[in-house]
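Novice: Prediction below, plus the sequence it came from.
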Number of protein chains: 2
Amino acid sequence: MIYTAIMGHGVVGSGVAEILLQHNALINEKIKDEICVKYILDLRDFDNLPYSDKFIKDFNVIAQDDDIKIVVEVMGGVNPAYDFVKRCLLSGKSVVTSNKELVAAKGAELLSIANEKNVNFLFEASVGGGIPILRPIAQCLGANEITEVKGILNGTTNYILNKMIVDNMDFDAALALAQEMGFAEKDPTADIGGHDACRKICILAALAFGKHVYPDQVSTKGITDITLTDVEYADSFDCAIKLIGSAKKLENGNITANVQPMLVSRSHILSDVDGVFNAIMVTGDAVGDVMFYGKGAGKMPTASAVVADVIDCAKHLNARKYIDWADGSSDYVVTPDEKVRLYVYIQSNDFDMLCKQFNDAFSDNTWHIKNDFKKEIAFITNQDYESALMKKINSIKCDELKVMHTLF
Amino acid sequence: MIYTAIMGHGVVGSGVAEILLQHNALINEKIKDEICVKYILDLRDFDNLPYSDKFIKDFNVIAQDDDIKIVVEVMGGVNPAYDFVKRCLLSGKSVVTSNKELVAAKGAELLSIANEKNVNFLFEASVGGGIPILRPIAQCLGANEITEVKGILNGTTNYILNKMIVDNMDFDAALALAQEMGFAEKDPTADIGGHDACRKICILAALAFGKHVYPDQVSTKGITDITLTDVEYADSFDCAIKLIGSAKKLENGNITANVQPMLVSRSHILSDVDGVFNAIMVTGDAVGDVMFYGKGAGKMPTASAVVADVIDCAKHLNARKYIDWADGSSDYVVTPDEKVRLYVYIQSNDFDMLCKQFNDAFSDNTWHIKNDFKKEIAFITNQDYESALMKKINSIKCDELKVMHTLF
């Protein structure tokens, strides 16, 4: 018998409890042992559940029970999850979590404690919900040197952008609809500000490149200033606007990482990822591009990924799984001046002057659209170093300016 | 030191040798041991390679060398691969293979021997080349009951169909181009006849549903009779024609499985999978749809998947990985009468009669296109039981008839 405890009985936690109880026979067959949920930690009361007798309110019960071998942390937030998880690992218990904030902030330290104690710290559900991604990177692509990871890491923002693109809704209306549908939280800041995607790219980059990346090292831009005008111009350039998180290994061993809305060419498969779906593209030196696609959030998808990790822990109670990375460093994440193509939107009431400046600076074969009536120009630059492009762009005098990166 | 042998030095075999030798340090770090290729079995001579000294021509050298713990089989074909692999497993060696024909024909038996001998038999590369798919199904989706697996499993046919769609080439021209580009073999029968996709859906179904599926149990149709006319009508219905392999679990525990060209709606992400790419969609009761995408063939992608399995074997020399399934049975794969929407093409020199019959049988709100000049009608039926639809379709008197399934 393998005893487990679940910390947190919110959306994901209740899903984990349901799967562990409903699919008990299936799971026991896989692990060739019996798994039993002994405690569920939550400060709230849950009186009418078939497993109400399992609820406790004091973490110390779990910490002090040597029978508990696997602890599921699905409380969310860094505190007190960090303290609880650390104490569980230190007392020789394996921990499974879906908590991206915790892993992005403290992953290297917790993995190192798990390593010392020869227990597992697994967090497949922290990126892409139920989409298998961390284990495939660590194991299936183990013969590759991974050079880049990028993708649509947040379903809420993808839903909002999709509604703007397909239904011509403006940002506020699309956000309100997402909230109504339960795809966005009341306080949507973490999603629309790009912070949720940022935590996920930190975890992906750490796993792919072997060194912790802290959220504040990742240049992060959300989707709050995307307008219907941008969406329409993007469409004219045969692109869709997507919030893309990406991390790339540089030749000197450093990496570059950022989260930003990008114009993604419709010939790129990431442009076809619609609604609340996520998709993560991994580039390996041998395999080329592989992509993992599915619902990136939701109670049951996320819970199923947590339970898969529990199964893995149960099968490896005395063996370490090989998810691991080293501490980060302040000079590890850099912003190199690379060749890019930029989307630029400029507007000026002095449209003749705007056109003249545009013609002077970008007279070569740049894709562009001029709108005399609205006195604005949108264009996609030719490929050049970002610094050189930005110098030219910033020299244009205008009333409004917006620049976005592209993915072709 | 962990000694390995590679059987076969063709396209994939030479890739495996290259990765094992070039990425040796990276791999040794992952397995925390040293891996060494001791023999490469091939009847041909390879005199000018840096590792020419490793070649042998007699399988018995490998079979009788107790130092060899992991054998890579990349010869292809059922014989003599089956005999060699069986003898390796029986003598306590783990085996890694990319040989889909072997696994589809003999998987259950070989897995059972591996189980008895407590060694591993792994074959991630046999489906989807370098795309991680078998391990994610077995492990990451372990908390799900999988209900359906379907996808684009053959890059050659996808390339040909894509050329027909995008460049308006006819089938023969597209096939010739695929051969010229090295995407199709001189004898393309296994690809264009659907047999390659059939072997892969057998393996996927066996893994997903737990019981061996033999290739001759899968209704298999290739793409050889797809015409530009079909492609154009499909486009008019906002669909792309794709060769889809699929397997679905039925409520009574049986499964249905087939390989066939289908009209895939452009709103379905499988329709966006172009060129030589593969994509496999897995439906789980908790996770919903997840999709795995990448190049499904090629030397280095496939070799990298083989090496990932070698790494896994090296880390589990005395432990079984949990890829397993039971023997098949003759009554396991069935063809239930399900509700479907069909694409139908009918042509008759007596066009008035054709139209009258069409109007009589399909007067309801079916999508259709009539071409007076070519005296043909293409339509997509409303959803109904396949038997009922086929009865109505077969009652139409015409000179030409074609029916395809659809995926919306």
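Specialist: Cool, got the structure.
Novice: buried set for the lowest-mean-pLDDT helix or strand in chain A?
Specialist: Ranked by mean pLDDT, DSSP states H and E, the helix or strand of chain A with the weakest confidence is helix A:24-31, at a mean of 88. Buried residues in helix A:24-31, counted by 16 or more other C-beta atoms under 10 Å in any protein chain shown: A:27-28, A:30-31. No exception for glycine: its C-beta is placed from N, CA and C like everyone else's.
Novice: out of the residues you listed, what pair is the most spread apart?
Specialist: A:28 and A:30 (7.3 Å; C-beta to C-beta).
Novice: helices and strands around the least confident helix or strand of chain A, which ones?
Specialist: strand A:35-41, helix A:299-315 (3 or more C-beta pairs under 8 Å, 6 or more residues apart in numbering or on different chains; DSSP states H and E).
Novice: contacting residues around the shortest one?
Specialist: Looking back up the chat, that one is strand A:35-41. Strand A:35-41 is contacted by residues A:1-9, A:13, A:17, A:20-21, A:24, A:27-28, A:46, A:51, A:54-59, A:61-62, A:65, A:67-68, A:310, A:314 when judged by C-beta atoms under 8 Å, 6 or more residues apart in numbering or on different chains.
Novice: mind running it again at 7 Å?
Specialist: A:1-9, A:17, A:20-21, A:24, A:27-28, A:54-56, A:59, A:61-62, A:67-68, A:314 (C-beta atoms under 7 Å, 6 or more residues apart in numbering or on different chains).
Novice: Packing partners of the helix or strand that that strand is followed by?
Specialist: Counting by DSSP states H and E, the element after strand A:35-41 in chain order, helix or strand, is strand A:55-56. When contacts are defined as 3 or more C-beta pairs under 7 Å, 6 or more residues apart in numbering or on different chains; DSSP states H and E, strand A:55-56 packs onto strand A:35-41.
Novice: returning to what we had before: among the contacts of strand A:35-41, name the ones in strands.
Specialist: Judged by DSSP state E, these include A:2-7, A:55-56, A:68 as members of strands.
Novice: Between all of these, which two are separated the most?
Specialist: A:2 and A:55 (20.0 Å).
Novice: In terms of pLDDT, where does residue A:322 sit?
Specialist: Residue-level confidence at residue A:322 comes out at 68, pLDDT.
Novice: Could you list the low-confidence segments of the stretch 301-408 of chain A?
Specialist: Applying pLDDT under 70 to the stretch 301-408 of chain A flags the ranges A:322.
Novice: what about the strands in it?
Specialist: A:339-340, A:342-347, A:367-371, A:376-380, A:384-385, A:400-407 (DSSP state E, counting those that start in this stretch).
Novice: Let me have the ones you listed in a markdown table, extended by mean neighbour count and distance to chain B.
Specialist: Output for the strands of the stretch 301-408 of chain A, formatted as a markdown table (neighbours: other C-beta atoms under 10 Å in any protein chain shown; distance: least, C-beta to the nearest C-beta, whole Å):
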| stretch | mean neighbour count | distance to chain B |
| --- | --- | --- |
| strand A:339-340 | 13 | 25 |
| strand A:342-347 | 21 | 22 |
| strand A:367-371 | 14 | 21 |
| strand A:376-380 | 22 | 22 |
| strand A:384-385 | 14 | 29 |
| strand A:400-407 | 16 | 15 |
